[in-house]
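A.B. asks: Give me coordinates for this.
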Amino acid sequence: MRNFSFFEYRIAAFHHYIAEQLGQLKQLGVILALFMYTAFPALILLIYLALGKVMTQDPSLSILLSVALIVMQSELSVALSKGALDVKHRLYQRSFASKGMRVLCDYTLALAGNLVFILSVPLLLSLDFSKWQQGLHFVFFCICVLGSGFVATLKPTRIKLYVIAVILLPVLFDLSLLSLLTSYIALLVGVAFWPNSLAFERLTRFNLGFWVSYHSHAFAEIWWRVLVLLALWVCANVLNLQRPDLGFFVHCFISPFIVYIASSQQLNQNECVIQYKLWLNSLRNANTLVYGQYVVPMSLAVVGLMSLQLIVVSLQSLIIFAIASALTIAFAKYKPTHYALGWFVINGLMVTINYWVY
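C.D. replies: Here you go, the predicted model:
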């Protein structure tokens, strides 16, 4: 009876959290209700249509829709994770419920928020055992969606890395749908069970543990930049497919924006160093920790510039804009108030040099 009351309490807390979040979007909800209320059933049908394309292994859409649905469900589960776990009253729960009951409620509510998996279940049950071999990819897809929902709910800080891998894997490698989903399951297992202490202790040996901890709590700073870099890469790819003769100008037009997105992260690093300056100065290896602030901006720049080489190979553009990245990051560090002007002048000069060398 006590366990049943606790389960009712968790459901009520989850329902209250969803209502609270929807209340913050009240005006948007009114607009959607007035102009798009007839579209809500169509959205459900659209998800079913996407699931059908995945199930039938449509050659042109199955991989794209699989990635989109997995990413969508991961982000939805992250948004609902605080309500599903009842984070505000987590310590209070320990006073009247056993650990097993708390874990059972966590997984049950995580499953309740897994919309894509719930909609996939009727299609999954429609498969006969004789057809499971042909529909094995859909079984793997359901496992991916279910697992990503659990990880996003129970370990939301880790799911971002998984989402990035889900997006990049089909871009970097030409894999079949079954091979891709198998890779997703392997990555999901690694993300779910990789011990925090092991990764942190190894990185601490290189004096990067502080920055790992900082970026794990402020991952949104990196996350939106990765998405923008991905959007720039897609634009460059479309431009190259439509006009292959403009391959050189792809670098001249896209690279400065990659440099801007990457180097602007240094402004956030500056704020962190200022905030913890006294603490960093109290450490013996303070200089090494301060040097670690450049790792993320430079990594974003390298990833962005190297990804352009997958579209159009241009070694001179890579070298020139790598130098521009280093100079712009240094400008963001030492002259942050004039960062925009510095970025414009440095990259304008580099575009001119690149065109002159070309």
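A.B. asks: count of residues packed around Ile44?
C.D. replies: When neighbours are defined as other CB atoms under 10 Å, Ile44 has 12 of them. Every residue, glycine included, has its C-beta placed from N, CA and C.
A.B. asks: Report the contact partners of it.
C.D. replies: Ile44 makes contacts with Leu119, as judged by CB atoms under 8 Å, 6 or more residues apart in numbering.
A.B. asks: In which helix or strand does it reside?
C.D. replies: Assigning secondary structure by DSSP states H and E places Ile44 in helix 39-55.
A.B. asks: Would you mark the buried spots in that helix?
C.D. replies: Residues of helix 39-55 classed as buried by neighbour count (16 or more other CB atoms under 10 Å): Ile47, Ala50, Leu51, Lys53, Val54, Met55.
A.B. asks: ok, those residues vs Ala324, which is closest?
C.D. replies: Proximity of those to Ala324 (CB to CB) peaks at Ala50, which lies at 40.8 Å.
A.B. asks: The residue nearest to the closest one when sequence neighbours are not counted: how many residues sit nearby?
C.D. replies: In space, Ala50 comes closest to Leu65 once its chain neighbours are excluded; the distance is 4.6 Å by CB to CB, 6 or more residues apart in numbering. Burial measure for Leu65: 19 neighbouring residues, criterion other CB under 10 Å.
A.B. asks: State the distance from Leu65 to Gly149.
C.D. replies: Applying CB to CB, to the nearest Å, the value for Leu65 to Gly149 is 17 Å.
A.B. asks: Over to Ala326?
C.D. replies: Applying CB to CB to Ala326 and Gly149 gives a distance of 41 Å.
A.B. asks: Give the helix, strand or coil label for Ser95.
C.D. replies: Look at Ser95: counting by DSSP: H, G, I helix; E, B strand; the rest coil, its state is coil.
A.B. asks: Where does pLDDT dip in the chain?
C.D. replies: 1-3, 22-43, 58-60, 129-133, 195-209, 280, 283-289, 358 (pLDDT under 70).
A.B. asks: Would you mind giving the domain segments of it?
C.D. replies: 2-194, 207-357 (automatic domain parsing).
A.B. asks: List the contacts of stretch 217-231.
C.D. replies: 157, 160, 164, 167, 215, 258, 261-262, 264-265, 268, 296, 300, 303-304, 307.
A.B. asks: Centre of the chain to it, how far?
C.D. replies: 7 Å (CA atoms, centre = their mean, to the nearest Å).
A.B. asks: CA atoms of that stretch as CSV?
C.D. replies: Extracted in CSV, the C-alpha atoms of stretch 217-231 (Å, rounded to 0.1, in the frame of the first residue of the first chain):
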residue,chain,number,x,y,z
HIS,A,217,27.8,21.5,-16.4
ALA,A,218,27.7,24.1,-19.1
PHE,A,219,27.4,21.8,-22.1
ALA,A,220,24.8,24.0,-23.8
GLU,A,221,27.6,26.5,-24.7
ILE,A,222,29.3,23.8,-26.8
TRP,A,223,26.1,22.1,-28.0
TRP,A,224,24.6,25.0,-29.9
ARG,A,225,27.9,25.7,-31.5
VAL,A,226,28.2,22.1,-32.7
LEU,A,227,24.7,22.3,-34.2
VAL,A,228,25.6,25.6,-36.0
LEU,A,229,28.8,24.0,-37.3
LEU,A,230,26.7,21.1,-38.6
ALA,A,231,24.3,23.5,-40.3
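A.B. asks: which of the residues in the helix or strand where Met101 lies are buried?
C.D. replies: Assigning secondary structure by DSSP H and E places Met101 in helix 99-112. Residues of helix 99-112 classed as buried by neighbour count (16+ other CB under 10 Å): Met101, Arg102, Leu104, Cys105, Asp106, Leu109, Ala110, Leu111.
A.B. asks: List the contacts of the fourth one.
C.D. replies: I take that to be Cys105. Neighbours of Cys105 in contact, by CB under 8 Å, 6+ apart: Phe6, Phe7, Arg10, Ala97.
A.B. asks: Nearest to Gly83 among those?
C.D. replies: Checking the contacts of Cys105 one by one against Gly83 (CB to CB), the nearest turns out to be Arg10, at 9.7 Å.
A.B. asks: Look up how far Val226 lies from the nearest residue in space to the closest one that is not next to it in sequence.
C.D. replies: Nearest residue to Arg10, sequence neighbours excluded (CB to CB, 6+ apart): Cys105, at 4.5 Å. Distance, Cys105 to Val226, by CB to CB: 33 Å.
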